[in-house]
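Enquirer: Okay, sequence plus prediction incoming.
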Amino acid sequence: MTSIAPPRIAVPARTVHRFVEVDQVKVFYRESLPERADAPVVLLLHGFPSASHQFRRLIDTLGRRYRLIAPDYPGFGHTRTPDGFDYSFERLADVVERFTERLGLTRFAMYLFDFGAPVGFRLALRRPDRVAGLIVQNGNAYTEGLSEAARAFTALTPDAPGAEQAVLDLFTLDATRAQYEGGTADPELIAPEGWLLDQHFLDQPGRKQAQRALAFDYKSNIAAYPDWQAWLREHTPPTLITWGSRDPFFPEPGALAYLSDLPDAELHLFDTGHFALEDHLPAIAPLIDGFLTRTWV
């Protein structure tokens, strides 16, 4: 009788969940515990309206091989801010920069998704020597990557008629769910926990005011695009681009535009929307694994 070997079971990574205080901000973060003490480090920078929980499946998948660290920004997730905190992208970058210093991170790749791009590029400009590479997933840095809806929304100013309501409408449950399911080929592949948890945090006291401030500050990122592009041309970091090509806010041209400054970047387009990891993790995780294996030296 022929014996059949049982299938190998992929064991998820061990992950710790901690707080660290940074300039009176209690930053919550998730960190995988890899098998090797010298494992490559990847800073996972989340998007709107999410938090570090958006990376939980990626951490489970790759966290045994890599030290994956995912903080919640001020105004997001479990992170706690003092009264009077100034919500701007510059301040988010300040906190993330200090966070990396508190953890003693001297070299890391960055996963830039959505808001993670403006936070990460600000950090890159300040600390170029620490950036070992970029993984860009629907993290825009080019005007070509702004849809008409994005151009209209990011041009809003607080004193414009209807602007306040347009911003507040983005923080509703329907809008949060639409960000996950919009552009996907099969919405049934999108687990509801993600957008339900995002909405839970959006509904916490003070969170909509924080997000309102960031929404009106988004135009500061567009103004900084030329600086980010110049940094890419000067430093030419190894870069992997995995992009949901049907993202209604940051469409496919935003991914292609990176090649004008990084012609050697590795580009993969997926038939999905903004939160590409939600339905394409089985395809994206091996790409990240291969990219880090080839480029981390």
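Expert: Now that the structure is in, tell me what you want to look at.
Enquirer: wait, what's in contact with the residue nearest to Ala150 when sequence neighbours are not counted?
Expert: Counting by C-beta to C-beta, 6 or more residues apart in numbering, Phe249 is the residue found nearest to Ala150 once chain neighbours are left out, at 4.8 Å. Glycine gets a C-beta too; all of them are placed from N, C-alpha and C. Each residue near Phe249 by C-beta atoms under 8 Å, 6 or more residues apart in numbering is listed here: Leu146, Ser147, Ala149, Ala150, His274.
Enquirer: Who wins on neighbours among those residues?
Expert: The most neighbours of any of the contacts of Phe249, using other C-beta atoms under 10 Å, belong to His274, which has 25 neighbours.
Enquirer: Now it. Nearest residue, chain neighbours left out?
Expert: Asp247 (4.6 Å).
Enquirer: same check, this time on Asp114
Expert: Distance criterion C-beta to C-beta, 6+ apart; nearest residue to Asp114, sequence neighbours excluded, is Gly47 at 2.5 Å.
Enquirer: what's the helix or strand for the one you found?
Expert: Remark: Gly47 resides in no helix or strand, with elements defined by DSSP states H and E.
Enquirer: before we move on, back to that, wait, the residue nearest to His274 touches Asp271, no?
Expert: No. Asp247 sits out of contact with Asp271 when judged by C-beta atoms under 8 Å, with a separation of 11.2 Å.
Enquirer: Just want to know which of these two has more residues nearby.
Expert: Legend: neighbour count by other C-beta under 10 Å for Asp247 and Asp271, higher for Asp247 (27 against 14).
Enquirer: which residues touch the more buried one?
Expert: Asp247 touches Asn138, Ser147, Gly182, Gly183, Gly254, Gly273, His274, counting by C-beta under 8 Å, 6+ apart.
Enquirer: what pLDDT does it get?
Expert: If you check Asp247, the pLDDT there is 98.
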